[in-house]
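> Got a predicted structure here, sequence first:
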Amino acid sequence: MYGLEAISANNGWAMAIIGPLIVMSGLTILAIIISQLHKLVALFDKKAKQTTEPPIKSKDEISAPNIFPNDILKTAKIYQVLIDKLEQPFELSDLYQVAVQNNFPHPILTVSRLRDAGILIRESEGLFIWNR
């Protein structure tokens, strides 16, 4: 027996239809899983961010204001407290360290603004004084 008779006698037509349906079903399921994978990744990423975020400090733990005013003279008044802790003349690295220890935000940018405004004056190689 050959040809179409053999196919009909051994359920060949059913196999010919079921085979591609199984393959297409598998590919459809795979496509759905891949299209929704970003949601699963976002879920894991959200959990990772929650565990790595630093704890929120209370108002008592914060020793410096969170936001400095745009006015450089007001900023200078805030930094005056730190300058009083240092010996005159001082190195900028000492001022950076004291600012970081006291939780002052953006000490490098602020010290740069103070230098540009002429409030911090270079006295000698690597040493600065406070222009009151």
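That came through, no problem. Numbering: from 1, shown residues only.

> quick one, phi psi at His38?
Backbone torsions for His38, taken as degrees, to the nearest 10, come to phi -60, psi -30.

> what about it, how many neighbours?
9 (other C-beta atoms under 10 Å). Quick note: C-beta positions are derived from backbone N, CA and C, even for glycine.

> Distance check, it against Thr28.
18 Å (C-beta to C-beta, to the nearest Å).

> for Asn10, same thing?
28 Å.

> any idea of the mean pLDDT for stretch 80-96?
Across stretch 80-96, pLDDT averages out at 81.

> and for it, what are the contacting residues?
For stretch 80-96, the surrounding residues in contact (C-beta atoms under 8 Å, 6 or more residues apart in numbering) are 98-99, 102, 104, 107-108, 111, 120, 123-124, 126-130.

> so how far is the biggest helix by length in the chain off the chain centroid?
When the chain is parsed with DSSP state H, its longest helix is helix 12-35. Its chain's C-alpha centre and that of helix 12-35 lie 43 Å apart, by C-alpha atoms, centre = their mean, to the nearest Å.

> So what are the structural domains in this structure, by residue number?
Domain assignment for the chain by automatic domain parsing gives 4-52, 72-130.

> returning to that earlier point: just the ones of the contacts of stretch 80-96 in helices?
Using DSSP H, the contacts of stretch 80-96 in helices are 98-99, 107-108, 111.

> Appreciated, that's everything.
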